[in-house]
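A.B. asks: Sequence first, then the predicted structure, then my questions.
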Amino acid sequence: MWLTVRLYQQGGHRVPQFHGKWPFSRFLFFQEPASAFASFLNGLASLVMLLRYRAAVPPAAPTYPTCVAFAWVSLNAWFWSTVFHTRDTALTEKLDYFCASAVVLHSVYLCCVRTLGLQRPALISIFRAFLLLFLAGHISYLSLVRFDYGYNLVANAAAGELGGTGMDWEALELHWELLGASCIQAGECWAVLGATGLCWGYVRGQSKPLLWVLDAHALWHIGTIPLNVLFYRSVTPPQDPLLD
């Protein structure tokens, strides 16, 4: 691969991707050191904020089980993201993609619980079953029919847009409340949405890695680290000072 890269550079040509991935300089046993380290930091941030959330919010809170479950789904996804960027195999790639899809769909579910679930438990149960069926069908198609990168991207982007719309609606509802703390919480919801969009922009405009280590995907993972803090602040009651 590196011989091919040198030949392209000597000829003044643009360096191509290999099987959809840029060439990276390894560090020890890490195939993509920047993305692997950033994924690890995301998982660490998610774990720290989960512990602080559990200390600040009583288990009897209506959305407590859903938020804690989302944290564990996220931790699982960041673990497999770290593994995949450390060692790219067919198995680690699938685990990374499937666990990431679970996070996206769980975020949609969490938004629905916070906006509709408390008032309409029957509706949220139906929606939960639908999301589980969709995830099962998504994984089955990619595993048994065709591992389609384009379809996976579109499916996750569509689910992400749905979750973003739910967060937008929640932020709008909070914004109309009179308490200043609620307005701050609404602003944090919008901050999560805006920061996620900016981070996603890194991936869409990717170019060859800087020093063959830092690429747009790694920058995306670095940019999502603070989102863990913003997310847990947005789901924590403002009167609890522990996460302020």
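C.D. replies: Cool, got the structure.
A.B. asks: so how far is residue 101 from residue 152?
C.D. replies: Going from residue 152 to residue 101 by CB to CB, to the nearest Å gives 7 Å. Placement of C-beta: from N, CA and C, glycine included.
A.B. asks: which residues are common contacts for the two?
C.D. replies: Overlap of the contact sets of residue 152 and residue 101 (by CB atoms under 8 Å, 6 or more residues apart in numbering) consists of residue 138.
A.B. asks: and these two? which has more neighbours close in?
C.D. replies: Looking at residue 152 and residue 101 with other CB atoms under 10 Å, you find the greater number of neighbours at residue 101, namely 20 against 17.
A.B. asks: counting contacts, what elements does the one helix or strand that one maps to pack onto?
C.D. replies: When secondary structure is defined using DSSP states H and E, the element that contains residue 101 is helix 90-112. With contacts defined as 3 or more CB pairs under 8 Å, 6 or more residues apart in numbering; DSSP states H and E, the secondary structure elements packing on helix 90-112 are helix 64-86, helix 121-140, helix 149-175.
A.B. asks: buried residues in it?
C.D. replies: For helix 90-112, a neighbour-count test (16 or more other CB atoms under 10 Å) marks 92, 94-112 as buried.
A.B. asks: between it and helix 121-140, how many degrees?
C.D. replies: With axes from the mean of the first three to the mean of the last three CA atoms, to 10 degrees applied, the angle from helix 90-112 to helix 121-140 works out at 160 degrees.
A.B. asks: helices and strands of this protein: which one bottoms out on pLDDT?
C.D. replies: Averaged element by element with mean pLDDT, DSSP states H and E, the chain has its least confident helix or strand at helix 180-204 (a mean of 51).
A.B. asks: how far does the helix or strand following it sit from the chain's center?
C.D. replies: Where DSSP H and E defines the elements, the next helix or strand beyond helix 180-204 is helix 216-223. A distance of 11 Å separates the C-alpha centroid of helix 216-223 from that of its chain, computed with CA atoms, centre = their mean, to the nearest Å.
A.B. asks: what's downstream of helix 216-223, the next helix or strand?
C.D. replies: Secondary structure here is assigned by DSSP H and E; on that basis, the next helix or strand after helix 216-223 toward the C-terminus is helix 225-234.
A.B. asks: Kindly export that following helix (C-alpha atoms) in CSV.
C.D. replies: As requested, C-alpha coordinates have been extracted for helix 225-234 and formatted as CSV (Å, rounded to 0.1, in the frame of the first residue of the first chain):
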residue,chain,number,x,y,z
ILE,A,225,-16.2,14.2,23.1
PRO,A,226,-17.8,17.4,24.6
LEU,A,227,-21.2,16.3,23.4
ASN,A,228,-21.2,13.7,26.2
VAL,A,229,-21.1,16.5,28.7
LEU,A,230,-23.8,18.6,26.9
PHE,A,231,-26.1,15.6,26.6
TYR,A,232,-26.0,14.6,30.2
ARG,A,233,-26.5,18.2,31.2
SER,A,234,-29.5,18.4,29.0
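A.B. asks: chain center to it: distance?
C.D. replies: Here helix 225-234 shows a centroid-to-chain-centroid distance of 12 Å under the convention CA atoms, centre = their mean.
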